[in-house]
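Engineer: Quick one: sequence plus predicted model below, questions after.
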Amino acid sequence: MKRESKKRSLEKGYYKRNPCKEVFTCKVCGRLVTPEGAGSGHRNHCPNCLTSLHLDLEPGDRAADCGGIMEPVAAWVRKGGEWALIHRCRRCGALSSNRVAADDNPLKLLSIALGPLAAPPFPVERIQEMARLMGGSGSLE
């Protein structure tokens, strides 16, 4: 990267206005991550393991001093049907939402989205008991 363009990329808010064309190596899985294939100009997580680094306080500002690993902990659907990941920083606990990229690992995405169903906050046997009490009608009466 030329010195002038590197200096510009360090200006406050640069990544809010410009696509991020940097290539990086994922700190978790070691994969070389390129911006091609993301489906947008803003690649902020590894398409293989879906982890990121805590670099921003606001999207694109690069103002976070933490630098911790942001692990994907949940998935949600935005208005309009677009999927997004919730990342939590391992170091400071900060949460952020990041849109899913076109080339993200679909199996990893589904495993994150289905995680709460695989480990419900109550005993699974309770479901059978409730279904029996409802008698198939959906009511406890």
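Structural biologist: Thanks, I have the structure now. Numbers count the residues shown, from 1 in each chain.
Engineer: Give me the nearest residue to residue 45, chain neighbours excluded.
Structural biologist: Nearest residue to residue 45, sequence neighbours excluded (Cβ to Cβ, 6 or more residues apart in numbering): residue 52, at 3.9 Å. Backbone N, C-alpha and C define where each C-beta goes, glycine included.
Engineer: can you count the residues close to the one you found?
Structural biologist: For residue 52, the neighbour count with other Cβ atoms under 10 Å is 24.
Engineer: Please determine how far it is located from residue 116.
Structural biologist: Here the criterion is Cβ to Cβ, to the nearest Å. By it, residue 52 lies 21 Å from residue 116.
Engineer: hang on, the residue nearest to residue 45 packs against residue 43?
Structural biologist: No: here residue 52 lies out of contact with residue 43, judged by Cβ atoms under 8 Å, at a distance of 9.7 Å.
Engineer: Residue 76 falls within a strand, correct?
Structural biologist: Yes: with DSSP: H, G, I helix; E, B strand; the rest coil as the criterion, residue 76 is part of a strand.
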